[in-house]
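Trainee: Provided below are the primary sequence and the corresponding predicted coordinates.
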Amino acid sequence: MKTVDATQLKNRLGEVLKQAALGPVAVERHGRVVAYLVPPAAGKAHAGKTRTGRPGPRWNRRNEERVVELCARGDYRPSRWLRAGDPEVLAGVAAMLASQEGFDRTRMLALAEQLRPGMSTPVGFGRWLARSPVQAARFLPMLEARMRDPELRSP
């Protein structure tokens with residue numbers, strides 16, 4: 001876990017928030033931890049129903065198209081993935097793509113771990129598969145078609 005002091009937080013808020021989007025950051029004041037900054041994923045349940053029975057984030061066509069575009073471009077930047085939707089859903093997509101031809105397995109698994117720690121493990125990915133709104137039988141052919149698109153290759 002990363003640690004910053006309160007002055008550093010005040011002076012470099014943007015940088016610290018970027019770190020906190022990827023994992024917990026402890027905030028120290030006078031040598032003692034006084035707070036933690038955690039990514040939104042750590043504070044709420046995600047796919048399917050939450051523990052309170054309310055529905056979690058939805059996976060709709062817009063989300064699907066955004067993620068297909070991101071994957072087709074081969075963009076491995078966590079900041080882009082975090083803006084594309086729910087981190088747990090996207091971490092599962094990254095882990096799923098690690099086994100697909102044309103994707104760098106090591107980088108995809110590292111991305112999955114940055115988005116949601118534990119997603120690259122068999123247990124974490126198995127849980128994701130059990131409750132994921134992403135339908136691999138639909139998503140993967142869409143991605144393959146998009147990757148064959150000649151417009152994508154233009155600079």
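Mentor: On my side now, so go ahead. None of these values were measured; they are calculated from a predicted model.
Trainee: which residues sit against stretch 91-109?
Mentor: Stretch 91-109 is contacted from outside by 67, 71, 74, 76, 81, 111-113, 115-116, 119-120, 124-125, 128-129, 132, 134, 136, 139-140, 147, using Cβ atoms under 8 Å, 6 or more residues apart in numbering. C-beta here means a position set from N, CA and C on the backbone, and glycine is covered the same way.
Trainee: Now Val4: closest residue in space, sequence neighbours ignored.
Mentor: The spatially closest residue to Val4, leaving aside those adjacent along the chain, is Val16, at 5.5 Å (Cβ to Cβ, 6 or more residues apart in numbering).
Trainee: nope, Pro40 is what I was after
Mentor: Pro87 (7.4 Å).
Trainee: What about the one you found, how many residues nearby?
Mentor: Burial measure for Pro87: 24 neighbouring residues, criterion other Cβ atoms under 10 Å.
Trainee: My guess is it contacts Leu22. True?
Mentor: No. Using Cβ atoms under 8 Å, Pro87 is not in contact with Leu22, being 9.2 Å away.
Trainee: Now do the shared contacts for the two.
Mentor: Shared contacts of Pro87 and Leu22, counting by Cβ under 8 Å, 6+ apart, come down to 39, 115.
Trainee: Next secondary structure after the helix or strand bottoming out on mean pLDDT in the chain?
Mentor: Ranked by mean pLDDT, DSSP states H and E, the weakest helix or strand in the chain is helix 40-43, scoring a mean of 54. Using DSSP states H and E, the helix or strand that follows helix 40-43 in sequence is helix 61-72.
Trainee: residues making contact with that next one?
Mentor: So helix 61-72 is contacted by 80-81, 84-85, 89-90, 93, 97, 103, 134, 138-139, 142-143, 146-147, 149, 152 (Cβ under 8 Å, 6+ apart).
Trainee: where does this protein dip in pLDDT?
Mentor: Within the chain, the segments meeting pLDDT under 70 span 41-57, 150-155.
Trainee: Which stretches in it count as helices?
Mentor: Assigned by DSSP state H, the helices in the chain fall at 6-11, 13-22, 40-43, 61-72, 78-83, 87-97, 105-115, 122-131, 136-148.
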